[in-house]
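J.: dropping a prediction and its sequence here:
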Amino acid sequence: MKYLVFSNATALVLGVSGLPSHQLSVQAGEMSRPQMNDGAMSKQKTGMFVAAEHPTQGAVSIINEKGKRYLVFDKAFKSDMGTDLHVILHRDATLPKGGLKKPDYVTLSRLQKVSGSQRYAIPNNINLANFRTVAVWCRMFNATFGYALLPTTSTAQR
């Protein structure tokens, strides 16, 4: 028998995830979604966006699909409009509002849209163990809109 414990964190995650409560569990600040994989269940960890210079919200996860890794923003993702917005991986667990230095981050792609579900390929030459956060960043003004701790899984690391 499985139990579901409700808390403020559970209510927040339920609102963000869009999953029925019986398919969701929350432990130590992580959201885990059961996923079928050749008959075995695996957990997908999720990081939550926080604002830096602009309101940014939603969840981000890493998935493996056909031998490739992807960074996935959930349907609750939302940030402000901006000029020259990019999705980056950064080495630090918290980011300054501005003034990022090139050796500390890598750019994955331009931001596809400022709200809703989207995904970004993670090149095979990027070792995720070297990065702690994912951020929405304005290259033109070197401004961090928002960021989330990068979710880690043993299969997502390379």
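T.: Noted; the coordinates are in hand. Numbering: from 1, shown residues only.
J.: worst-scoring helix or strand of this protein, pLDDT-wise?
T.: strand 25-27 (a mean of 30; mean pLDDT, DSSP states H and E).
J.: where exactly do the strands run in this protein?
T.: 25-27, 30-37, 40-44, 46-48, 50-51, 56-57, 59-65, 68-73, 78-79, 85-90, 105-110, 118-122, 133-138, 143-149 (DSSP state E).
J.: do you know which of these lies nearest Gly99?
T.: For Gly99, the closest of the strands of the chain is strand 143-149, at 9.0 Å, according to CB to CB. Yep, even glycine has a C-beta here, placed from its N, CA and C like the rest.
J.: low-confidence stretches in this protein?
T.: 1-44, 153-158 (pLDDT under 70).
J.: mind redoing it with 80?
T.: 1-44, 152-158 (pLDDT under 80).
J.: ok, the closest residue to Gly116 other than its chain neighbours to Lys102 distance?
T.: Once flanking residues are discounted, Gly116 sits nearest to Lys75: 5.7 Å by CB to CB, 6 or more residues apart in numbering. Distance, Lys75 to Lys102, by CB to CB, to the nearest Å: 32 Å.
J.: thanks a lot, see you next time.
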